[in-house]
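Enquirer: Take this sequence and fold it.
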Amino acid sequence: MMHGHASHGARGRDGAPQRVDHATWGKLLRYCRRYVPAVAVALVCAMVGTVLTLLGPNMLSDITDAVQNGIAPDTEALERVVQTVTENIEANAGARARLQAGVPGEAAGDAAGSGLDAGGAAAPSLDDLPAMPAEARTALLSDVEVDGVVITAADQQKLLDIFEHLDMNDTEAAMAALDDLPASVKGLVEPGIDMGFVCRVALTLVSFYVASYLLTVLQGWIMTTVTQRIGQSMRADISAKINRLPMSYFNTVPKGDILSRITNDVDMLGQSLNQSVGTLLSAVVLFAGSLFMMVTTNGWMTLAAVGASLLGFALMMGIMGRSQKYFLRQQSALGALSGHIEESYTGHSVIAAYNAEDRVRAEFDRMNGELVDAGFRAQCLSGLMMPIMMFIGNFGYVAVCVVGGALALDGQIGFGVIVAFMLYVRYFTQPLSQIAQGVQALQSAGAAGTRVFEFLEAPEMADESAKPALAAGSMRGEVEFDHVRFTYPGSDKPVIKDFSARALPGQKVAIVGPTGAGKTTMVNLLMRFFEIDGGQIRIDGVPTSEMRREDVHALFCMVLQDTWLFEGTVRENLVYCDEGVTDEKMQRACRSVGLDHFIRSLPQGYDTVLNDQVNLSQGQKQQMTIARAMIADKPMLILDEATSNVDTRTELKIQQAMDELMSGRTSFVIAHRLSTIKNADLILVMKEGDIIESGTHEELLAAGGFYADLYNSQFAE
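Expert: All right, here's what the predicted structure looks like:
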């Protein structure tokens, strides 16, 4: 099992602690450049929707002022009434004075008795009227018109009587006096809300909010589509990348970790981008727009709100810097745990056979603890952002209320400005909370993106598209190994030191030797699963290094010791990647390996789906892989312990079928049971990476060397 090598989830392939690649965001932006137009449309939607939202507080301020003015007496109208009456009295007094100046005697005496200056002195003011006799006041009062309303002399007299006995410092008395005003004056002064204006502004405000909502929905739909497409594209690129990676990569990275990158990391990246990018777009625009509107509305209140929010920014940046490493550690630990679970599940029978459940469980608990620790630290630190931003937002409300109240008492602003600013403060602090959430999501995206791009940027096999295609049907099947040398990556001990051999077309070549001699390695080199360090492997005189890998693979069909079947029907497993295979050819291959009767006994025969409900023995699985090779009908054949999992009777039947299959084909057979390769045309005996003997079965037995010892040891009983 490999879990011991992959237990440290926060460590890279070389054992060093993983760190967040700060170039990840640049890579992600370049990767997503095809979606720039869609993101630009989403940004425009966010900007327009936010602008419409920001216009709301000003409209609410207008409505508030209209309502406030509508519930208080119209003092301006009252001032116009007083001013008009005063001007009328002064005009009447002046006209009466000029008349009195031209008529001596009784008229002059009357003028003096009326308090008028016959010599043209200043006319009496409104404050002088209460001290005048009633006759004099009546003579000075005449009907006037204010704002289209006629105020009679009687109404003016009544108005003067009210003001004569009114103490303007007594607010309650002044408000009560409004009810006693003459009807003409009361109609001008009486409070009244302009409902037409309020309704027009309210309808406009509702239309703005509806438009903002629709634009926000459109922006969310666009960003969701973009992020889902990014995830889809990444999964496709990872799947394609797997086929371009050398075999050495899979020897150093656990399969579970690769699966975690395809599933967990890509999903985390997509979800985080979906949650963060759209939110950040709206939040940044709302933040900038609200700041602009606050500055244009009132500078002092803006300073109060911004000052209260600076603390939130500082705390948010500090938390973000500390929590980033824990998000990466969390994703790495999740990948390592996935690898451990995959290995434990695959080797469950071995674990049970050796009573290693406690040991495996302890290892799982340790790795699970690392994941919990990293996740707790990441989520705990990032979880501090929201409470802090809520506190900063509330603190901003308090600051705005205090400063706004002081300015209102000083008469610098009205109540409507305070109402508008309360909304602006919410629009200003709300983006801070959204930015905090978006940054938290981006941290997860950064950690997942680092792992995804690390996989996508892993060194690939060389591109061979420029090499000429090779027609498999024209190959004779001559294979030559010329002083081949090979060492596995990361090792300093050669596996193949100096291997030379030649297989003629149609020959059956058997490779035997003790475990670790390099037999399977030679097959892997022949298939170009690994690249040789020195020498050449030639097929029909053409070095395999000059052929495309897919052309080399097309020359061979393989039956390995480790069987592989996928979830699908029996038919799909048998004709894997082959087109136009007839039922007769498929059934003939299955009869040759002794599998046809078993398949027909299945519920749907060849159309039975192989899953957990269909139990196949290891031998039956190997029979299916052998039948698959027979159906593939490639020019050359590789058998690596092909009959190791079948019984002796089935082995004999399969051997006959394999002899028929190998007829006329160059075949390479790796076998531990030497009885299966007696009829080989050439037997190569390997030991420690070199060929120490070669020849036919009889020749090697007669030589009495290493092969003879191996053969005799199997039948010594």
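
Enquirer: gap between whichever strand or helix holds residue 230 and the chain center?
Expert: Element membership for residue 230 (DSSP states H and E) is helix 195-242. In terms of CA atoms, centre = their mean, to the nearest Å, the centre of helix 195-242 is set 16 Å apart from its chain centre.

Enquirer: What's the first helix or strand after it?
Expert: Taking DSSP H and E, what comes next after helix 195-242 is helix 247-252.

Enquirer: Contacts for that following helix next, please.
Expert: With CB atoms under 8 Å, 6 or more residues apart in numbering as the test, helix 247-252 has contacts from 13, 258, 458-459, 488-490, 524, 529-530. Yep, even glycine has a C-beta here, placed from its N, CA and C like the rest.

Enquirer: and if we set it to 6 Å?
Expert: Contacting residues not belonging to helix 247-252 are listed as 13, 458, 489, 529-530 [CB atoms under 6 Å, 6 or more residues apart in numbering].

Enquirer: Select only the buried ones of those in ChimeraX?
Expert: Command for ChimeraX, covering only those of the contacts of helix 247-252 found buried under the criterion 16 or more other CB atoms under 10 Å:
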select :530
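
Enquirer: among the contacts of helix 247-252, which two are most distant?
Expert: Within the contacts of helix 247-252, 13 and 529 form the most distant pair, 19.6 Å apart (CB to CB).

Enquirer: tell me the secondary structure for residue 567?
Expert: Following DSSP: H, G, I helix; E, B strand; the rest coil, we place residue 567 in the coil state.

Enquirer: Starting from residue 608, give me the distance back to it.
Expert: For residue 567, the distance to residue 608 (CB to CB, to the nearest Å) stands at 12 Å.

Enquirer: Settle it for me: which of those two has more neighbours?
Expert: Ranked by neighbour count (other CB atoms under 10 Å), residue 567 and residue 608 place residue 608 first, with 17 against 11.

Enquirer: what sits against residue 157?
Expert: By CB under 6 Å, 6+ apart, the contact list for residue 157 is empty.

Enquirer: Secondary structure element for it, which one?
Expert: Counting by DSSP H and E, residue 157 is part of helix 153-164.

Enquirer: One more: residue 419?
Expert: helix 415-456.

Enquirer: quick check: angle from that helix to helix 195-242?
Expert: 10 degrees (axes from the mean of the first three to the mean of the last three CA atoms, to 10 degrees).

Enquirer: Now the next helix-or-strand element following helix 415-456: buried residues?
Expert: Downstream of helix 415-456, the first helix or strand assigned by DSSP H and E is strand 479-486. For strand 479-486, the neighbour count (16+ other CB under 10 Å) marks 479-481, 484-486 as buried.

Enquirer: Can you list the buried residues in the very next helix or strand once past strand 479-486?
Expert: Sequence order places strand 496-503 as the next helix or strand after strand 479-486, per DSSP H and E. The neighbour-count check on strand 496-503 (16+ other CB under 10 Å) flags 496, 499, 501, 503 as buried.

Enquirer: Which one of the residues you listed is nearest to residue 654?
Expert: Taking the buried residues of strand 496-503 together and measuring to residue 654 by CB to CB, the closest member is residue 503, at 22.2 Å.

Enquirer: Quick check: that closest one touching residue 477?
Expert: No - with contacts counted by CB atoms under 6 Å, residue 503 stays clear of residue 477, the gap being 7.9 Å.

Enquirer: Give the intersection of the neighbour lists for these two.
Expert: Residues touching both residue 503 and residue 477 by CB under 6 Å, 6+ apart: residue 666.

Enquirer: C-terminal to the strand or helix carrying residue 340, what's the next element?
Expert: Assessed by DSSP H and E, residue 340 sits inside helix 299-346. On the C-terminal side of helix 299-346, the nearest following helix or strand under DSSP H and E is helix 348-353.

Enquirer: continuing past that next one, what's the next helix or strand?
Expert: Per DSSP H and E, the first helix or strand lying C-terminal to helix 348-353 is helix 357-383.

Enquirer: Downstream of that next one, the next helix or strand is which one?
Expert: In the C-terminal direction from helix 357-383 (assignment by DSSP H and E), the next one is helix 385-409.

Enquirer: now that next one: how far from the chain's centre is it?
Expert: With CA atoms, centre = their mean, you get 33 Å for helix 385-409.

Enquirer: tell me what that helix is packed against?
Expert: On a contact count with 3 or more CB pairs under 6 Å, 6 or more residues apart in numbering; DSSP states H and E, helix 385-409 meets helix 299-346, helix 415-456.

Enquirer: what's the angle from the first one to helix 357-383?
Expert: This points to helix 299-346. On the basis of the same axes, to 10 degrees, helix 299-346 is oriented at 170 degrees to helix 357-383.

Enquirer: What sits closest to residue 586 if chain neighbours are left out?
Expert: Once flanking residues are discounted, residue 586 sits nearest to residue 574: 5.5 Å by CB to CB, 6 or more residues apart in numbering.

Enquirer: what about the one you found, distance to residue 612?
Expert: 20 Å.

Enquirer: of the two, who's got more company?
Expert: residue 574 (25 against 6).

Enquirer: how many neighbours does the spatially closest residue to residue 234 that is not a sequence neighbour have?
Expert: Closest residue to residue 234 apart from its sequence neighbours, by CB to CB, 6+ apart: residue 266 at 5.0 Å. For residue 266, the neighbour count with other CB under 10 Å is 23.

Enquirer: Go ahead and confirm residue 266 touches residue 233.
Expert: No - judged on CB under 6 Å, residue 266 makes no contact with residue 233 at a distance of 9.7 Å.

Enquirer: Helix, strand or coil: sort out residue 537 for me.
Expert: strand.

Enquirer: Next up, the contacts around it.
Expert: Residue 537 neighbours (CB under 6 Å, 6+ apart): 481, 544.

Enquirer: how close does it get to residue 476?
Expert: Residue 537 is 16 Å from residue 476, where distance means CB to CB.

Enquirer: Over to residue 635?
Expert: In this view, residue 635 and residue 476 are 8 Å apart by CB to CB.

Enquirer: And residue 708, by the same measure?
Expert: In this view, residue 708 and residue 476 are 33 Å apart by CB to CB.

Enquirer: Likewise for residue 24?
Expert: As judged by CB to CB, residue 24 and residue 476 stand 52 Å apart.

Enquirer: if we can go back for a sec, which other helices and strands contact the helix holding residue 419?
Expert: Taking 3+ CB pairs under 6 Å, 6+ apart as the contact cut, helix 415-456 packs with helix 24-31, helix 36-70, helix 266-297, helix 299-346, helix 385-409.

Enquirer: Counting by contacts, list what the shortest one packs against.
Expert: Looking back up the chat, that one is helix 24-31. Judged by 3+ CB pairs under 6 Å, 6+ apart, the packing partners of helix 24-31 are helix 415-456.

Enquirer: Tell me what angle the helix it packs on forms with helix 385-409.
Expert: Using the same axes, to 10 degrees, helix 415-456 lies at 160 degrees relative to helix 385-409.

Enquirer: and helix 415-456, how far from the chain's centre?
Expert: Chain-centre distance of helix 415-456: 14 Å, with CA atoms, centre = their mean.

Enquirer: Next: stretch 603-619.
Expert: So, by CA atoms, centre = their mean, the centroid of stretch 603-619 is 40 Å from its chain's centroid.

Enquirer: And it, end to end?
Expert: 20 Å (CA to CA, to the nearest Å).

Enquirer: Report the buried residues of it.
Expert: 606, 608, 610, 616, 619.

Enquirer: what comes into contact with it?
Expert: With contact meaning CB under 6 Å, 6+ apart, stretch 603-619 is reached by 565, 567, 569-571, 599, 602, 645-646.

Enquirer: And residue 556, how far from residue 550?
Expert: Taken as CB to CB, the span from residue 556 to residue 550 is 12 Å.

Enquirer: Which one of those two is surrounded by more residues?
Expert: Neighbour totals were compared for residue 556 and residue 550, and residue 556 leads with 22 against 12 (other CB under 10 Å).

Enquirer: got a list of what residue 293 touches?
Expert: With CB under 6 Å, 6+ apart, residue 293 has these contacts: 54, 424.
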